[in-house]
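Peer 1: starting from these lines, generate the structure:
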Amino acid sequence: MLAQLVPRATARRVCAAFSEALRRHGLPEEVLTDNGKVFTARFGPRDAETLFDRICRENGITHRLTAVRSPTTTGKVERFHKTLRDEFFSKHTFTTIEEAQQALDAFVEDYNAFRPHQSLGERTPAERFRLRAVESPEPAVQDPVETSEDAAAPAPPDDPRPDGHLRKVDGNGRIIFAGTRYRVARFLAGELVAVRIDGDIVRIFHGDALVKAHPRRHAVEKEEVIWSHHRR
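Peer 2: Numbers count the residues shown, from 1 in each chain. This is a model prediction of the structure:
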């Protein structure tokens, strides 16, 4: 989950937050939104493509819209908004948006990683995510936009090591592979994860579950050094 505060919810700021969510969590198969102008031109004066729709199209994401005047369709996020109002915004005041964002990040971290949810059988969302093995097909879009990450998919059989390259997740939820820092997930801090390479995609597994996929940012030469060490 990503919750980002902005002075005004313009289309560009909303899309920047959406792109950051894709960068952190990978590409979903679908995304559901209401009919706001930042999301769709469905009710505009002419048939046009919004920036949000363009990001979805270029990354192979199906953009689904709610029916008109049907707020219960997005009931889960509306329920989270109520929790934010009741437990966060109504109880705190902030002098700057940066201060508010820092506090909101901590609230979301607690909500996802430490707070049991009755709807999840008293598990945290992080636990539910970690226990779910992801099995999704290779994305249709091979060249995602610069601000997003490729979709998650099982590693191919030609990986040089069947179990991947093991790395320990640091306290900030990141690993270092081939001299480059890659985000994993903060709730996996201290855990071992396996890095597998699929062309220009870096896939990170915790056990059998794929938890993150990134475009390759490290130099291929550094990767070859790692492989040579494993072959010895």
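
Peer 1: show me how the protein divides into domains.
Peer 2: Residue ranges for the domains of the chain, per automatic domain parsing: 11-120, 156-231.

Peer 1: contact partners for the residue positioned nearest the centre of the chain?
Peer 2: Nearest to the geometric centre of the chain sits residue 25, at 1.5 Å (Cα atoms, centre = their mean). Contacts of residue 25 were listed using Cβ atoms under 8 Å, 6 or more residues apart in numbering, and they are 2, 212. Any C-beta I mention is one placed from the backbone N, CA and C, and that applies to glycine too.

Peer 1: now it: phi and psi?
Peer 2: With angles defined as degrees, to the nearest 10, residue 25 sits at phi -120, psi 0.

Peer 1: distance of it relative to residue 125?
Peer 2: Taking Cβ to Cβ, to the nearest Å as the criterion, residue 25 is separated from residue 125 by 12 Å.

Peer 1: is residue 195 bridged to anything, and to what?
Peer 2: Beta-bridge pairing for residue 195 (DSSP bridges): residue 165, residue 204.

Peer 1: what's the neighbour count on it?
Peer 2: As a burial measure, residue 195 scores 24 neighbours (other Cβ atoms under 10 Å).

Peer 1: wait, it sits on residue 168?
Peer 2: No. Look at residue 195 against residue 168 with Cβ atoms under 8 Å: they stay out of range, at 11.4 Å.

Peer 1: joint contacts of these two?
Peer 2: Joint contacts of residue 195 and residue 168 (Cβ under 8 Å, 6+ apart) are residue 175.

Peer 1: can you give me the buried ones in the longest helix anywhere in the chain?
Peer 2: Ranked by number of residues, the top helix in the chain under DSSP state H is helix 97-113. Buried residues in helix 97-113, defined by neighbour count with 16 or more other Cβ atoms under 10 Å: 100, 104, 107-109, 111-113.

Peer 1: now, which of those sits nearest residue 181?
Peer 2: Using Cβ to Cβ, residue 109 comes nearest to residue 181 of those, at 19.3 Å.

Peer 1: how close does the closest one sit to residue 172?
Peer 2: Distance, residue 109 to residue 172, using Cβ to Cβ: 11 Å.
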